[in-house]
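In: Sharing a model prediction with you, sequence too.
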Amino acid sequence: MKHSTHKGGGRGGRGGAPEAGPTQRQLRAGELVRHALAEVLREEDIADEAMAGVSVTVTEVRLSPDLRHAVCFVEPLGGGHALEVVAALNRHARFLRGRLGHAIDLRFTPDLKFVHDESFERAAEMEALFARVRVQGDET
């Protein structure tokens, strides 16, 4: 009789090893949710003063391993009033989740949590630093 040395089920049974990042399933579902959420935000008029006349870009959606929770990274067009816009989106997360449920084909519609995507600000800061270094290099 042969004995298998393989331990655990197929996924996640790494016995204390650090997480390797999102699975292909999480990445595919995240992109599906991102596209559908962007469409919902484009089509729906959210009745909130902070959202009046604001266009929002959904830059990334990260899903939990069970696909029940989504962290949605957003950037208001122009970057202004980002905190107020994120707070408004979180206030209306249940409404947006309901609309999202009609637009995607997943077993569960994930709970939505909105977060400001700060990567644009970081990129601008880095560009400013590089520009300053280039100017200093030109002066010497």
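Out: Thanks, I have it.
In: There's contact between P22 and L63 in this structure, I believe.
Out: Yes - at 7.4 Å, P22 counts as touching L63 under the criterion of C-beta atoms under 8 Å. Using the backbone N, CA and C atoms, a C-beta is placed for each residue, glycine as well.
In: neighbour count winner among the two?
Out: Shown here are P22 and L63; by other C-beta atoms under 10 Å, L63 has more neighbours (25 against 15).
In: these two touch, right, that one and G30?
Out: Yes - in this structure, L63 is within contact of G30 by C-beta under 8 Å, at 4.9 Å.
In: shared neighbours, those two?
Out: By C-beta atoms under 8 Å, 6 or more residues apart in numbering, L63 and G30 have these common neighbours: 22, 70.
In: Now for A103: which residues touch it?
Out: 36, 39-40.
In: What distance do you get for it to R94?
Out: Per C-beta to C-beta, to the nearest Å, A103 is found 15 Å from R94.
In: same deal with S119?
Out: Taking C-beta to C-beta, one finds S119 at 27 Å from R94.
In: re the thing from before, now the common contact residues for P22 and L63.
Out: G30.
In: Tell me where this protein has strands.
Out: With DSSP state E as the criterion, the chain has strands at 56-63, 69-76, 111-116.
In: Among the ones you listed, show me which one is buried the most.
Out: By mean neighbour count, with neighbours taken as mean count of other C-beta atoms under 10 Å, strand 69-76 ranks first of the strands of the chain at a mean of 21.
In: mind listing what that one pairs with, with the direction of each?
Out: Here strand 69-76 has these sheet partners by DSSP bridges: strand 56-63 (antiparallel), strand 111-116 (parallel).
In: Apart from its chain neighbours, what residue comes closest to E31?
Out: Spatially, and ignoring its direct neighbours in sequence, E31 is nearest to V61 (7.4 Å; C-beta to C-beta, 6 or more residues apart in numbering).
In: how near is the one you found to L129?
Out: For V61, the distance to L129 - C-beta to C-beta - is 30 Å.
In: so where's this protein shaky on pLDDT?
Out: Along the chain, segments meeting pLDDT under 70 span 1-19, 79, 120-125, 134-140.
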